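Student: what follows is a predicted protein model with its sequence.
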Amino acid sequence: MTTADPDSQLMLAFCSGDLAAFRRLVERNSAVVFKLAARYLGDESDAEDVVQEVFLRVHGSAADYKPTAKFTTWVYRITVNVCLNRLRAAKARPSVSLEGLGENPEEASFDVASEGEDAPFSRIERRELEEKIRAAIAALPEAQRTALLLRRFEELSYEDIAEAMETTVPAVKSLISRARQTLKACLARYL
Amino acid sequence: MKPCKDYLELISARVDGALTPDEARRLGEHLASCEACRRELAGQEILWERMASLPEAQVPEGLAERTFARATKRRHMPRWAWGVSATAAAAVLIAVLVGIKVMRTEKPLDPETQQVVKEIDVLQNLDVLQHLDTYEALGDGVIMMSEDASKAGGAL
(Lines give C-alpha, C1' and ligand atoms only; values in the text may rest on other atoms or scores of the structure.)
Protein backbone atom coordinates (compact mmCIF):
# COMPACT_ATOMS: atom_id res chain seq x y z
CA MET A 1 0.00 0.00 0.00
CA THR A 2 1.46 3.32 -1.01
CA THR A 3 -1.02 5.89 0.21
CA ALA A 4 1.93 8.14 1.09
CA ASP A 5 2.39 8.53 -2.65
CA PRO A 6 0.83 11.93 -3.45
CA ASP A 7 -0.43 10.74 -6.82
CA SER A 8 -2.13 7.76 -5.21
CA GLN A 9 -3.79 10.15 -2.78
CA LEU A 10 -5.01 12.29 -5.65
CA MET A 11 -6.36 9.19 -7.37
CA LEU A 12 -8.19 8.16 -4.22
CA ALA A 13 -9.65 11.66 -3.97
CA PHE A 14 -10.81 11.38 -7.56
CA CYS A 15 -12.38 8.01 -6.76
CA SER A 16 -14.41 9.86 -4.15
CA GLY A 17 -15.67 12.26 -6.79
CA ASP A 18 -13.06 15.04 -6.64
CA LEU A 19 -12.63 16.03 -10.28
CA ALA A 20 -10.03 18.65 -9.38
CA ALA A 21 -7.85 15.82 -8.09
CA PHE A 22 -8.04 14.16 -11.48
CA ARG A 23 -7.06 17.42 -13.15
CA ARG A 24 -4.06 17.62 -10.86
CA LEU A 25 -3.08 14.04 -11.72
CA VAL A 26 -3.15 14.88 -15.41
CA GLU A 27 -1.10 18.02 -14.85
CA ARG A 28 1.50 16.14 -12.84
CA ASN A 29 1.87 13.10 -15.08
CA SER A 30 0.90 13.83 -18.68
CA ALA A 31 4.38 15.05 -19.69
CA VAL A 32 6.05 11.93 -18.29
CA VAL A 33 3.59 9.71 -20.13
CA PHE A 34 4.16 11.71 -23.30
CA LYS A 35 7.93 11.27 -23.13
CA LEU A 36 7.71 7.56 -22.44
CA ALA A 37 5.24 7.09 -25.29
CA ALA A 38 7.43 9.08 -27.66
CA ARG A 39 10.43 6.94 -26.81
CA TYR A 40 8.42 3.74 -26.96
CA LEU A 41 6.82 4.50 -30.30
CA GLY A 42 9.94 6.18 -31.63
CA ASP A 43 7.67 8.96 -32.82
CA GLU A 44 6.26 12.04 -31.11
CA SER A 45 3.31 12.43 -33.46
CA ASP A 46 1.30 9.61 -31.87
CA ALA A 47 2.45 10.25 -28.33
CA GLU A 48 -0.31 12.74 -27.52
CA ASP A 49 -2.97 10.24 -28.57
CA VAL A 50 -1.36 7.75 -26.22
CA VAL A 51 -1.45 10.27 -23.37
CA GLN A 52 -5.14 10.87 -23.92
CA GLU A 53 -5.93 7.18 -24.09
CA VAL A 54 -3.93 6.52 -20.94
CA PHE A 55 -5.82 9.13 -18.95
CA LEU A 56 -9.13 7.98 -20.36
CA ARG A 57 -8.27 4.58 -18.90
CA VAL A 58 -7.21 6.14 -15.61
CA HIS A 59 -10.49 8.07 -15.52
CA GLY A 60 -12.45 4.95 -16.28
CA SER A 61 -10.64 2.85 -13.70
CA ALA A 62 -11.72 4.82 -10.66
CA ALA A 63 -14.11 2.14 -9.48
CA ASP A 64 -11.45 -0.55 -9.46
CA TYR A 65 -8.46 1.47 -8.36
CA LYS A 66 -6.50 0.16 -5.42
CA PRO A 67 -3.25 1.85 -4.40
CA THR A 68 -1.26 -1.36 -4.25
CA ALA A 69 1.56 0.17 -6.30
CA LYS A 70 2.85 3.65 -6.89
CA PHE A 71 0.48 5.57 -9.13
CA THR A 72 3.25 6.24 -11.64
CA THR A 73 4.12 2.54 -11.83
CA TRP A 74 0.49 1.79 -12.60
CA VAL A 75 0.39 4.55 -15.21
CA TYR A 76 3.60 3.28 -16.81
CA ARG A 77 2.00 -0.13 -17.14
CA ILE A 78 -1.03 1.38 -18.84
CA THR A 79 1.21 3.48 -21.09
CA VAL A 80 3.25 0.51 -22.19
CA ASN A 81 0.10 -1.49 -22.88
CA VAL A 82 -1.40 1.32 -24.96
CA CYS A 83 1.83 1.70 -26.91
CA LEU A 84 2.06 -2.03 -27.54
CA ASN A 85 -1.55 -2.14 -28.70
CA ARG A 86 -0.82 0.64 -31.16
CA LEU A 87 2.29 -0.99 -32.47
CA ARG A 88 0.57 -4.32 -32.85
CA ALA A 89 -2.54 -2.85 -34.41
CA ALA A 90 -0.48 -1.06 -37.00
CA LYS A 91 1.77 -4.07 -37.32
CA ALA A 92 4.19 -1.33 -36.65
CA ARG A 93 6.78 -2.95 -34.67
CA PRO A 94 9.13 -0.65 -36.54
CA SER A 95 10.58 -2.59 -39.38
CA VAL A 96 14.00 -1.41 -38.44
CA SER A 97 16.85 -3.13 -40.09
CA LEU A 98 19.84 -3.91 -37.99
CA GLU A 99 22.00 -3.65 -41.04
CA GLY A 100 24.54 -0.96 -40.75
CA LEU A 101 24.22 -0.81 -36.99
CA GLY A 102 27.52 -2.37 -36.33
CA GLU A 103 27.94 -5.58 -38.17
CA ASN A 104 29.84 -4.14 -41.08
CA PRO A 105 32.50 -1.58 -40.20
CA GLU A 106 32.95 -0.64 -43.86
CA GLU A 107 29.48 0.86 -43.83
CA ALA A 108 30.31 3.28 -41.07
CA SER A 109 29.41 6.72 -42.28
CA PHE A 110 31.78 8.59 -40.09
CA ASP A 111 35.14 8.16 -38.56
CA VAL A 112 35.42 9.10 -34.93
CA ALA A 113 39.19 9.44 -35.10
CA SER A 114 39.04 12.03 -37.86
CA GLU A 115 37.14 14.44 -35.61
CA GLY A 116 39.89 14.77 -33.06
CA GLU A 117 39.83 13.95 -29.39
CA ASP A 118 38.00 17.01 -28.10
CA ALA A 119 35.09 16.81 -30.52
CA PRO A 120 34.52 13.18 -31.33
CA PHE A 121 31.10 13.81 -32.84
CA SER A 122 29.95 16.54 -35.13
CA ARG A 123 26.34 17.62 -34.88
CA ILE A 124 25.38 15.56 -37.90
CA GLU A 125 27.21 12.55 -36.57
CA ARG A 126 25.60 12.95 -33.19
CA ARG A 127 22.21 13.05 -34.83
CA GLU A 128 23.06 9.97 -36.81
CA LEU A 129 24.18 8.19 -33.67
CA GLU A 130 20.93 9.16 -31.99
CA GLU A 131 19.01 7.68 -34.88
CA LYS A 132 21.04 4.51 -34.70
CA ILE A 133 20.36 4.19 -30.99
CA ARG A 134 16.66 4.85 -31.49
CA ALA A 135 16.48 2.31 -34.28
CA ALA A 136 18.33 -0.28 -32.23
CA ILE A 137 16.00 0.29 -29.26
CA ALA A 138 12.96 0.06 -31.52
CA ALA A 139 14.20 -3.24 -32.89
CA LEU A 140 14.46 -4.83 -29.46
CA PRO A 141 11.88 -7.44 -28.47
CA GLU A 142 8.95 -5.78 -26.65
CA ALA A 143 9.77 -6.93 -23.14
CA GLN A 144 13.43 -6.01 -23.41
CA ARG A 145 12.56 -2.60 -24.81
CA THR A 146 10.01 -1.95 -22.07
CA ALA A 147 12.38 -2.90 -19.27
CA LEU A 148 15.26 -0.95 -20.77
CA LEU A 149 13.25 2.25 -21.35
CA LEU A 150 11.75 2.19 -17.87
CA ARG A 151 15.21 1.76 -16.39
CA ARG A 152 17.15 4.18 -18.54
CA PHE A 153 14.71 7.04 -19.02
CA GLU A 154 12.24 6.74 -16.17
CA GLU A 155 14.92 5.52 -13.77
CA LEU A 156 12.61 2.99 -12.17
CA SER A 157 14.06 0.45 -9.78
CA TYR A 158 14.08 -3.20 -10.78
CA GLU A 159 11.23 -3.74 -8.32
CA ASP A 160 9.10 -1.00 -9.87
CA ILE A 161 9.82 -2.25 -13.37
CA ALA A 162 8.78 -5.74 -12.29
CA GLU A 163 5.57 -4.25 -10.88
CA ALA A 164 4.88 -2.28 -14.04
CA MET A 165 5.55 -5.28 -16.27
CA GLU A 166 3.82 -7.73 -13.94
CA THR A 167 6.87 -9.92 -13.77
CA THR A 168 9.69 -10.75 -11.36
CA VAL A 169 12.85 -8.88 -10.45
CA PRO A 170 15.14 -11.67 -11.78
CA ALA A 171 13.24 -11.55 -15.06
CA VAL A 172 13.74 -7.78 -15.24
CA LYS A 173 17.47 -8.16 -14.60
CA SER A 174 17.70 -10.70 -17.38
CA LEU A 175 15.67 -8.58 -19.81
CA ILE A 176 17.79 -5.48 -19.23
CA SER A 177 21.01 -7.43 -19.50
CA ARG A 178 19.97 -9.02 -22.78
CA ALA A 179 18.76 -5.68 -24.13
CA ARG A 180 22.16 -4.19 -23.35
CA GLN A 181 23.92 -7.08 -25.07
CA THR A 182 21.87 -6.58 -28.20
CA LEU A 183 22.32 -2.82 -28.28
CA LYS A 184 26.02 -3.09 -27.62
CA ALA A 185 26.41 -5.54 -30.47
CA CYS A 186 24.41 -3.31 -32.83
CA LEU A 187 26.23 -0.14 -31.86
CA ALA A 188 29.65 -1.60 -31.27
CA ARG A 189 31.39 0.67 -33.73
CA TYR A 190 30.07 3.79 -31.98
CA LEU A 191 31.05 2.77 -28.48
CA MET B 1 35.65 -20.26 -12.23
CA LYS B 2 32.34 -19.48 -13.92
CA PRO B 3 32.30 -18.69 -17.63
CA CYS B 4 32.09 -15.00 -18.52
CA LYS B 5 28.50 -15.23 -19.78
CA ASP B 6 27.42 -15.96 -16.23
CA TYR B 7 28.63 -12.50 -15.23
CA LEU B 8 26.72 -10.54 -17.86
CA GLU B 9 23.71 -9.89 -15.62
CA LEU B 10 25.98 -8.76 -12.83
CA ILE B 11 27.78 -6.40 -15.21
CA SER B 12 24.42 -4.99 -16.29
CA ALA B 13 23.30 -4.61 -12.68
CA ARG B 14 26.55 -2.86 -11.85
CA VAL B 15 25.90 -0.27 -14.56
CA ASP B 16 22.52 0.23 -12.88
CA GLY B 17 24.14 0.46 -9.46
CA ALA B 18 21.93 -2.40 -8.35
CA LEU B 19 24.39 -4.99 -7.07
CA THR B 20 24.10 -6.48 -3.62
CA PRO B 21 27.34 -6.46 -1.59
CA ASP B 22 27.82 -10.16 -2.27
CA GLU B 23 27.26 -9.73 -6.01
CA ALA B 24 29.66 -6.79 -6.06
CA ARG B 25 32.33 -8.90 -4.37
CA ARG B 26 31.90 -11.81 -6.78
CA LEU B 27 31.94 -9.58 -9.84
CA GLY B 28 34.93 -7.66 -8.52
CA GLU B 29 36.90 -10.87 -8.11
CA HIS B 30 36.06 -11.91 -11.65
CA LEU B 31 36.85 -8.53 -13.21
CA ALA B 32 40.22 -8.50 -11.53
CA SER B 33 41.24 -11.46 -13.61
CA CYS B 34 39.18 -11.05 -16.79
CA GLU B 35 40.11 -8.46 -19.38
CA ALA B 36 37.14 -9.35 -21.64
CA CYS B 37 34.60 -8.65 -18.91
CA ARG B 38 36.32 -5.38 -18.03
CA ARG B 39 35.92 -4.34 -21.66
CA GLU B 40 32.30 -5.50 -21.56
CA LEU B 41 31.65 -3.35 -18.50
CA ALA B 42 33.33 -0.33 -20.07
CA GLY B 43 31.31 -0.77 -23.28
CA GLN B 44 28.04 -1.03 -21.37
CA GLU B 45 28.81 2.09 -19.38
CA ILE B 46 29.51 4.05 -22.55
CA LEU B 47 26.31 2.71 -24.13
CA TRP B 48 24.35 3.86 -21.09
CA GLU B 49 25.82 7.33 -21.34
CA ARG B 50 25.12 7.54 -25.05
CA MET B 51 21.51 6.56 -24.44
CA ALA B 52 21.19 9.25 -21.79
CA SER B 53 22.30 11.80 -24.34
CA LEU B 54 19.26 11.15 -26.53
CA PRO B 55 17.20 14.34 -26.58
CA GLU B 56 13.88 14.26 -24.78
CA ALA B 57 10.66 14.59 -26.67
CA GLN B 58 9.22 18.10 -26.71
CA VAL B 59 5.99 18.10 -24.76
CA PRO B 60 3.39 20.02 -26.75
CA GLU B 61 1.87 23.16 -25.26
CA GLY B 62 -1.47 22.61 -23.53
CA LEU B 63 -1.12 18.82 -23.40
CA ALA B 64 -2.47 18.49 -19.86
CA GLU B 65 -5.42 20.76 -20.55
CA ARG B 66 -6.44 18.89 -23.69
CA THR B 67 -5.98 15.54 -21.98
CA PHE B 68 -8.14 16.55 -19.03
CA ALA B 69 -10.82 17.98 -21.33
CA ARG B 70 -10.99 14.84 -23.43
CA ALA B 71 -11.06 12.45 -20.48
CA THR B 72 -13.87 14.34 -18.77
CA LYS B 73 -15.80 15.24 -21.91
CA ARG B 74 -16.38 11.69 -22.97
CA ARG B 75 -17.92 10.79 -19.66
CA HIS B 76 -18.99 13.59 -17.41
CA MET B 77 -18.93 11.26 -14.49
CA PRO B 78 -16.56 8.38 -13.91
CA ARG B 79 -17.49 4.91 -15.04
CA TRP B 80 -18.08 3.87 -11.47
CA ALA B 81 -20.73 6.55 -11.19
CA TRP B 82 -22.47 5.17 -14.25
CA GLY B 83 -22.24 1.79 -12.61
CA VAL B 84 -23.83 3.11 -9.45
CA SER B 85 -26.62 4.70 -11.48
CA ALA B 86 -27.28 1.52 -13.40
CA THR B 87 -27.27 -0.47 -10.18
CA ALA B 88 -29.70 1.97 -8.61
CA ALA B 89 -32.02 1.75 -11.60
CA ALA B 90 -31.91 -2.04 -11.49
CA ALA B 91 -32.64 -1.94 -7.76
CA VAL B 92 -35.71 0.25 -8.30
CA LEU B 93 -36.98 -2.08 -11.01
CA ILE B 94 -36.49 -5.11 -8.80
CA ALA B 95 -38.23 -3.32 -5.93
CA VAL B 96 -41.23 -2.56 -8.13
CA LEU B 97 -41.48 -6.15 -9.34
CA VAL B 98 -41.13 -7.52 -5.83
CA GLY B 99 -43.73 -5.04 -4.63
CA ILE B 100 -46.19 -6.21 -7.22
CA LYS B 101 -45.57 -9.80 -6.26
CA VAL B 102 -46.01 -9.03 -2.59
CA MET B 103 -49.21 -7.15 -3.25
CA ARG B 104 -50.51 -10.10 -5.17
CA THR B 105 -49.50 -12.45 -2.42
CA GLU B 106 -50.81 -10.36 0.44
CA LYS B 107 -54.10 -9.40 -1.14
CA PRO B 108 -55.78 -12.48 -2.56
CA LEU B 109 -58.76 -12.09 -4.86
CA ASP B 110 -62.17 -12.43 -3.32
CA PRO B 111 -63.92 -15.76 -4.03
CA GLU B 112 -66.27 -14.31 -6.62
CA THR B 113 -63.40 -12.79 -8.64
CA GLN B 114 -61.39 -15.98 -8.28
CA GLN B 115 -64.33 -17.87 -9.79
CA VAL B 116 -64.47 -15.47 -12.73
CA VAL B 117 -60.72 -15.87 -13.32
CA LYS B 118 -61.10 -19.66 -13.22
CA GLU B 119 -63.92 -19.55 -15.76
CA ILE B 120 -61.88 -17.30 -18.03
CA ASP B 121 -59.01 -19.74 -17.77
CA VAL B 122 -61.30 -22.64 -18.64
CA LEU B 123 -62.78 -20.78 -21.55
CA GLN B 124 -59.39 -19.79 -22.83
CA ASN B 125 -58.39 -23.41 -22.84
CA LEU B 126 -61.39 -24.61 -24.79
CA ASP B 127 -60.42 -25.35 -28.35
CA VAL B 128 -64.03 -25.24 -29.22
CA LEU B 129 -63.96 -21.45 -29.00
CA GLN B 130 -61.50 -21.25 -31.82
CA HIS B 131 -63.97 -23.04 -34.10
CA LEU B 132 -67.10 -21.51 -32.73
CA ASP B 133 -68.15 -19.95 -36.03
CA THR B 134 -67.76 -23.24 -37.84
CA TYR B 135 -69.77 -25.05 -35.24
CA GLU B 136 -72.46 -22.41 -35.38
CA ALA B 137 -72.59 -22.65 -39.19
CA LEU B 138 -72.78 -26.39 -39.00
CA GLY B 139 -75.43 -26.12 -36.36
CA ASP B 140 -77.50 -23.80 -38.55
CA GLY B 141 -77.15 -26.24 -41.44
CA VAL B 142 -78.31 -29.16 -39.35
CA ILE B 143 -81.31 -27.20 -38.17
CA MET B 144 -82.17 -26.13 -41.72
CA MET B 145 -81.83 -29.69 -42.96
CA SER B 146 -84.05 -31.01 -40.23
CA GLU B 147 -86.59 -28.31 -40.95
CA ASP B 148 -86.46 -29.23 -44.65
CA ALA B 149 -86.76 -32.88 -43.77
CA SER B 150 -89.78 -32.10 -41.62
CA LYS B 151 -91.33 -30.15 -44.42
CA ALA B 152 -90.58 -32.91 -46.88
CA GLY B 153 -91.84 -35.57 -44.52
CA GLY B 154 -94.91 -33.59 -43.97
CA ALA B 155 -95.43 -33.44 -47.66
CA LEU B 156 -95.02 -37.13 -48.05
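Tutor: Yes, it's here.
Student: in chain B, which helix or strand is least confident?
Tutor: Scoring the helices and strands of chain B by mean pLDDT, DSSP states H and E places helix B:132-155 at the bottom, with a mean of 51.
Student: so where is the chain shaky, pLDDT-wise?
Tutor: Answering for chain A, as no chain was given. Where chain A drops to pLDDT under 70, the residues are A:1-3, A:91-121.
Student: wait, I meant chain B there
Tutor: Short version for chain B, where the test is pLDDT under 70: B:1, B:74-85, B:99-109, B:117, B:120-156.
Student: residues from it in reach of chain A?
Tutor: B:8-9, B:11-13, B:15-16, B:18, B:40, B:43-44, B:46-48, B:50-60, B:63-64, B:66-68, B:70-72, B:74-75, B:78-81, B:83 (CB under 8 Å from any CB of the partner chain). Bear in mind the C-beta positions are built from the backbone N, C-alpha and C, glycine included.
Student: narrow these to those in helices?
Tutor: B:8-9, B:11-13, B:15, B:40, B:43-44, B:46-48, B:50-52, B:63-64, B:66-68, B:70-72, B:74, B:79-81, B:83 (DSSP state H).
Student: pull out the buried residues from the residues you listed.
Tutor: B:8-9, B:11-13, B:15, B:40, B:43-44, B:47-48, B:50-51, B:63-64, B:66-68, B:70-72, B:80 (16 or more other CB atoms under 10 Å in any protein chain shown).
Student: helices along chain A, start to end?
Tutor: A:6-15, A:19-41, A:47-60, A:71-89, A:123-138, A:142-152, A:158-165, A:169-186.
Student: can I get those helices in JSON lines with mean neighbour count and distance to B:Val96?
Tutor: Below are these laid out as JSON lines (neighbours: other CB atoms under 10 Å in any protein chain shown; distance: least, CB to CB, whole Å):
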{"stretch": "helix A:6-15", "mean neighbour count": "19", "distance to B:Val96": "31"}
{"stretch": "helix A:19-41", "mean neighbour count": "21", "distance to B:Val96": "33"}
{"stretch": "helix A:47-60", "mean neighbour count": "22", "distance to B:Val96": "30"}
{"stretch": "helix A:71-89", "mean neighbour count": "20", "distance to B:Val96": "40"}
{"stretch": "helix A:123-138", "mean neighbour count": "17", "distance to B:Val96": "59"}
{"stretch": "helix A:142-152", "mean neighbour count": "23", "distance to B:Val96": "51"}
{"stretch": "helix A:158-165", "mean neighbour count": "21", "distance to B:Val96": "47"}
{"stretch": "helix A:169-186", "mean neighbour count": "20", "distance to B:Val96": "54"}
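Student: now render the ones you listed as CSV, adding distance to chain B.
Tutor: Below are the helices of chain A laid out as CSV (distance: least, CB to the nearest CB, whole Å):
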stretch, distance to chain B
helix A:6-15, 7
helix A:19-41, 4
helix A:47-60, 4
helix A:71-89, 12
helix A:123-138, 6
helix A:142-152, 5
helix A:158-165, 6
helix A:169-186, 4
